[in-house]
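okay, here's the prediction I keep looking at, along with the sequence it came from:
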Protein chains: 2
Amino acid sequence: MNDIQEYSTRNLQRFIDELADLLRIPSVSTAPEHKSDVATCAEYIAQHIRAVGIKDVTVFQTDGHPIVFAEYKSSRVNAPTVLFYGHYDVQPVDPLNLWTNPPFEPTFREGKVFARGATDDKGQIFLHIKALESLLKVRGELPVNVKLLLEGEEEIGSIHLEEFIRSHQELLKCDTVLISDTPIYAPGVPSLVYGLRGLCYMEVTVTGPNRDLHSGSFGGAVANPVNVLCDMISKLKDRDGRILISGFYDDVIDLTVEERRDYSELPFDEDAYRKELDIPVTFGEVGYSTLERVSGRPTLDVNGIIGGFTGVGAKTVLPSVAKAKISMRLVPNQQSEDIALKFESYFRFIAPPSVKVEVVHHHGANPVLTPRDSMGMNAARAALEFAYGKKAVLTREGGSIPVCLLFDTILHAPTVLMGFGLSTENAHSPDEHFLLDNFEKGIVATAAFYEEMGKQSI
Amino acid sequence: MNDIQEYSTRNLQRFIDELADLLRIPSVSTAPEHKSDVATCAEYIAQHIRAVGIKDVTVFQTDGHPIVFAEYKSSRVNAPTVLFYGHYDVQPVDPLNLWTNPPFEPTFREGKVFARGATDDKGQIFLHIKALESLLKVRGELPVNVKLLLEGEEEIGSIHLEEFIRSHQELLKCDTVLISDTPIYAPGVPSLVYGLRGLCYMEVTVTGPNRDLHSGSFGGAVANPVNVLCDMISKLKDRDGRILISGFYDDVIDLTVEERRDYSELPFDEDAYRKELDIPVTFGEVGYSTLERVSGRPTLDVNGIIGGFTGVGAKTVLPSVAKAKISMRLVPNQQSEDIALKFESYFRFIAPPSVKVEVVHHHGANPVLTPRDSMGMNAARAALEFAYGKKAVLTREGGSIPVCLLFDTILHAPTVLMGFGLSTENAHSPDEHFLLDNFEKGIVATAAFYEEMGKQSI
């Protein structure tokens, strides 16, 4: 492996410059005006994969954004097949005014690259491509069969991916799925994630009078939809942070004694956490630690709310409509569709007779638990120990990677979640960035992973 | 008076065309980008007043928007002096997409003129100018001294008017103040308003983490400022519509038995009211009727709220900040400044330790009760009976006209609130309009008011 490491170190500056080119493409999948940028990004990545020596690359068009697929067949007999999954689309950039530099003009400070998509997930898919380049340039070939599946709709619920996987099961057939879209626990602490929370994302609309009214002429006799929406949202959780939706906790598997011990043994500085977020105190479900709350327990957050006059100055209006986007993070064995139904029936149940209520179910994802010791997990442990010089910790994550379930249920392949980001790298918010040290170690670890897998036969 | 009526009827179409010209000027006082339009509107009105024969017109500049002042001195000795007050600025137009026609392109349907400012207050100040034109053209002079005071900041709290009145007390000296910025009770039911609610307008900001966070990585352990703001707003009123701010009702004068009887005798169709607003049921403070709730009792409404991601699509963000504009309508003897302090201390009291809270006091106004039988009220009663052919009802209004208090406390002059709008004319909301029949009757009534005042000597 040292020769691989030497190659990637020698070429690191070029790798970083190439990453910057990728980060300049504003592939915001949720914004219609960026549709062509997402397509451009797909083509750019396909070209780059060919350039590093994997010639069999296809850009599949969908009714949404394209899916990039590449395949390398090893000359080794009985070599296992690894399917790498990642996404090249990114979150919206607003609030734009809070970015230190424009989100699509990568800038380098303090050993980090700042740009939308730097850590989620362009930086992580690109280090993977560079690991493959390193192996191919130094060894002349790869020790295993490799398939790359890169989608452009992860941030909007992977709308067309399930259909693609179902209709290309032979093409995607593999022994292990590798995903690099999770953070490592802390700088210098290599991690493997074995659990992910699910998601249920709802949008609600509360309508009062058929038009905005003068609050002086009508205020007092007509229910105000903003006041009503606030009352209803306040009824979703109690003061202990428990969610009040009927049946919400029915299918929740409690954390095991062993898991709670693992949580308690992870290095964690609550004060530093508070200070870094600049919050007076942490707050969450009573009876659980901060680490348990963000990954081992379900929760509910209002992601956005709007109603009435929100411009500069004062407008004495009694609004006609109020809207909120509300999402819930789920843990095994909660099911997204089931929670969506429970949310809607509860939300309608608490609605007063003075307003009309609409409930829309955006996208969702079921929670995931992956095996702790598959062939892939063992290879990943060894690879991370080589790259970081210490053993990896096993953790659960708060976010969702819905495709894990698809790979499990459709391809029947276990997933290895070997990520290189940090939870403090502002994924989904202004000044998103990626630590270049993890970019470099990630290349080495990924290359080592393939070498370890290469020792296996099927 | 019949000759005056005949003149205005003959010239009505021209009057309406001239009103349309005035309504085309987008004098939105709260919007910086419309500052020059507000100035243009002031000049337009000054010119028009000169054109009808009142030569002594001045446009006073302020640090905000201009104040138009005009004066006519009657040749009659001991003639009383009437000061007419109105405003030529208008509310913002959003939500623009809900307008049937562009808000500053007046259109005529069903005997109404549709445009921002049609009823609040351009239509009403313009009918006044046309009443003066009719008297001057037919009689050659006015029977009383007339002063016109037209401001451009009423919709933003008359920021510079108080200072102007204080520094021009001799200029503004009068025996009666006349204001046409209130609705008549119903079509064909002439009304004089003797009570107005006050206003206390606050803006609150709740701040959680120092940046927007990924709701998957942090959700569950960090208080969400939108959820918190909703919880706090839900604590401002109880389920019976009573406001929970400590001491809020301390200075409220209960409605008298006589007043409640007057309310009960006003023609009112609750079903028609509901249907017109398209609301399932009315809602307000338990123990009071709809008419009492909208004018005789204080209330609290959220005028606007915003936080997190409010664009199209879904963004899994835990927001950093949530804001709301909250205003309270006040009744005698509540004081706006006192209520602002009570609101702020209560709002801070209910804030959890997990967030930071900011409270800003926008503008306010104290409630008003005017004498029921001053010289001006008696003249107005006679004038309305002549114009509408029936006696006027005395009512209280839900909205605020802060300047009433200034005239009372600084000029020591009683106010007559003789308005010609309707509460259903969408003041402050899309498709604002003004009934042309009231425009015509208003001209006659206003001219008759001056003739009645002309019979008085001081």
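Here it is on my side, so go on.

so which residues of the stretch 51-200 of chain A form helices?
A:123-139, A:161-167, A:169-172 (DSSP state H, counting those that start in this stretch).

elements contacting the longest one?
Contact here means 3 or more Cβ pairs under 8 Å, 6 or more residues apart in numbering or on different chains; DSSP states H and E; on that basis helix A:123-139 packs against helix A:2-10, helix A:12-23, helix A:35-51, strand A:81-87, strand A:145-151, helix A:436-454. C-beta here means a position set from N, CA and C on the backbone, and glycine is covered the same way.

that helix vs helix A:12-23, what angle?
Per axes from the mean of the first three to the mean of the last three Cα atoms, to 10 degrees, the angle that helix A:123-139 makes with helix A:12-23 is 140 degrees.

what mean pLDDT does helix A:123-139 get?
When pLDDT is averaged along helix A:123-139, the result is 97.

let me have the helices of the stretch 51-200 of chain A in CSV, adding mean neighbour count as columns.
As requested, the helices of the stretch 51-200 of chain A are exported to CSV (neighbours: other Cβ atoms under 10 Å in any protein chain shown):
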stretch, mean neighbour count
helix A:123-139, 23
helix A:161-167, 16
helix A:169-172, 14
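
reformat those helices as TSV; add distance to residue B:337.
Below are the helices of the stretch 51-200 of chain A laid out as TSV (distance: least, Cβ to Cβ, whole Å):
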stretch	distance to residue B:337
helix A:123-139	55
helix A:161-167	59
helix A:169-172	69
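
one step back: so which of the helices and strands packed on helix A:123-139 is nearest chain B?
helix A:35-51 (12.8 Å; Cβ to the nearest Cβ).

what would the helices and strands packed on helix A:123-139 look like in a markdown table with distance to chain B and mean pLDDT?
Formatted as a markdown table, the helices and strands packed on helix A:123-139 follow (distance: least, Cβ to the nearest Cβ, whole Å; pLDDT from 0 to 100):
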| stretch | distance to chain B | mean pLDDT |
| --- | --- | --- |
| helix A:2-10 | 28 | 95 |
| helix A:12-23 | 18 | 98 |
| helix A:35-51 | 13 | 98 |
| strand A:81-87 | 14 | 97 |
| strand A:145-151 | 16 | 98 |
| helix A:436-454 | 16 | 97 |
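
got those as a markdown table, with mean neighbour count columns?
Formatted as a markdown table, the helices and strands packed on helix A:123-139 follow (neighbours: other Cβ under 10 Å):
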| stretch | mean neighbour count |
| --- | --- |
| helix A:2-10 | 15 |
| helix A:12-23 | 17 |
| helix A:35-51 | 18 |
| strand A:81-87 | 25 |
| strand A:145-151 | 25 |
| helix A:436-454 | 24 |
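
could you dump these to TSV with distance to residue B:215?
Below are those laid out as TSV (distance: least, Cβ to Cβ, whole Å):
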stretch	distance to residue B:215
helix A:2-10	35
helix A:12-23	23
helix A:35-51	23
strand A:81-87	18
strand A:145-151	21
helix A:436-454	23
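
tell me where the stretch 351-458 of chain A has helices.
Using DSSP H, counting those that start in this stretch, helices in the stretch 351-458 of chain A cover A:375-388, A:403-406, A:436-454.

the longest one packs against which elements?
Helices and strands in packing contact with helix A:436-454 are listed as helix A:2-10, helix A:12-23, strand A:112-114, helix A:123-139, helix A:375-388; criterion 3+ Cβ pairs under 8 Å, 6+ apart.

now the residue of the stretch 301-450 of chain A found nearest chain B: how far from residue A:127?
Proximity of the stretch 301-450 of chain A to chain B (Cβ to the nearest Cβ) peaks at residue A:399, 3.0 Å away. Going from residue A:399 to residue A:127 by Cβ to Cβ, to the nearest Å gives 19 Å.

also residue A:400?
Counting by Cβ to Cβ - residue A:400 and residue A:127 are separated by 22 Å.

return the residues in contact with residue A:153.
A:29, A:62, A:64-65, A:87, A:89, A:159-161 (Cβ atoms under 8 Å, 6 or more residues apart in numbering or on different chains).

report the two of those residues separated the most.
A:62 and A:87 (13.3 Å; Cβ to Cβ).

identify the residues contacting the residue nearest to residue A:418 when sequence neighbours are not counted.
Counting by Cβ to Cβ, 6 or more residues apart in numbering or on different chains, residue A:418 lies nearest to residue A:380, which is 4.8 Å off, once chain neighbours are set aside. Taking Cβ under 8 Å, 6+ apart, we find residue A:380 in contact with A:178, A:192, A:392, A:416, A:418, A:449, A:452.

try residue A:246
A:342, A:345-346, A:349.

6 Å instead?
Residue A:246 makes contacts with residue A:346, as judged by Cβ atoms under 6 Å, 6 or more residues apart in numbering or on different chains.

how much space separates it from residue B:281?
When residue A:246 is compared with residue B:281 (using Cβ to Cβ), they lie 25 Å apart.

do residue A:209 as well
Applying Cβ to Cβ to residue A:209 and residue B:281 gives a distance of 12 Å.

helix, strand or coil for the closest residue to chain B within the stretch 201-350 of chain A?
Using Cβ to the nearest Cβ, residue A:216 is the residue of the stretch 201-350 of chain A that sits closest to chain B, at 2.9 Å. What DSSP: H, G, I helix; E, B strand; the rest coil gives for residue A:216 is helix.

between the contacts of residue A:153, which is closest to residue A:268?
Looking across the contacts of residue A:153 and measuring by Cβ to Cβ, the closest to residue A:268 is residue A:87, at 28.8 Å.

and that closest one, how close does it get to residue A:128?
Residue A:87 is 12 Å from residue A:128, by Cβ to Cβ.

contacts only, for residue A:405.
Contacts of residue A:405 by Cβ under 6 Å, 6+ apart are A:366, A:368.

count of neighbours near residue A:382?
18 (other Cβ atoms under 10 Å in any protein chain shown).

would you confirm that residue A:34 contacts residue A:25?
No - using Cβ atoms under 6 Å as the test, residue A:34 is too far from residue A:25 to be in contact (9.4 Å).

centroid-wise, who is the farthest residue in chain A?
What lies farthest from the middle of chain A is residue A:217; by Cα atoms, centre = their mean that is 48.1 Å.

hang on, it packs against residue B:398?
Yes - between residue A:217 and residue B:398 a contact is recorded at 4.9 Å, counting by Cβ under 6 Å.

which residues in the stretch 251-400 of chain A form strands?
A:299-308, A:317-318, A:321-330, A:356-365, A:368-369, A:393-397 (DSSP state E, counting those that start in this stretch).

ranking those strands by burial, who's on top?
Scoring these by mean neighbour count under mean count of other Cβ atoms under 10 Å in any protein chain shown gives strand A:317-318 as the most buried, with a mean of 30.

domain parsing of chain A, as residue ranges.
A:2-196+A:367-454, A:198-252+A:298-365 (automatic domain parsing).

TSV please, covering those domains and showing distance to residue B:422.
Formatted as TSV, the domains of chain A follow (distance: least, Cβ to Cβ, whole Å):
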stretch	distance to residue B:422
domain A:2-196+A:367-454	41
domain A:198-252+A:298-365	10
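
and of the ones you listed, who's closest to residue B:226?
domain A:198-252+A:298-365 (4.0 Å).

state the mean pLDDT of stretch A:239-251.
On average, stretch A:239-251 scores 97.

how many neighbours does the residue lying closest to residue A:255 once chain neighbours are set aside have?
Computed as Cβ to Cβ, 6+ apart, the closest residue to residue A:255 that is not its neighbour in sequence is residue A:296, at 4.9 Å. By the criterion of other Cβ under 10 Å, residue A:296 has 26 neighbours.

could you measure from residue A:57 over to chain B?
As judged by Cβ to the nearest Cβ, to the nearest Å, residue A:57 and chain B stand 29 Å apart.

beta partners of that residue?
For residue A:57, the beta-bridge partners are residue A:70 (DSSP bridges).
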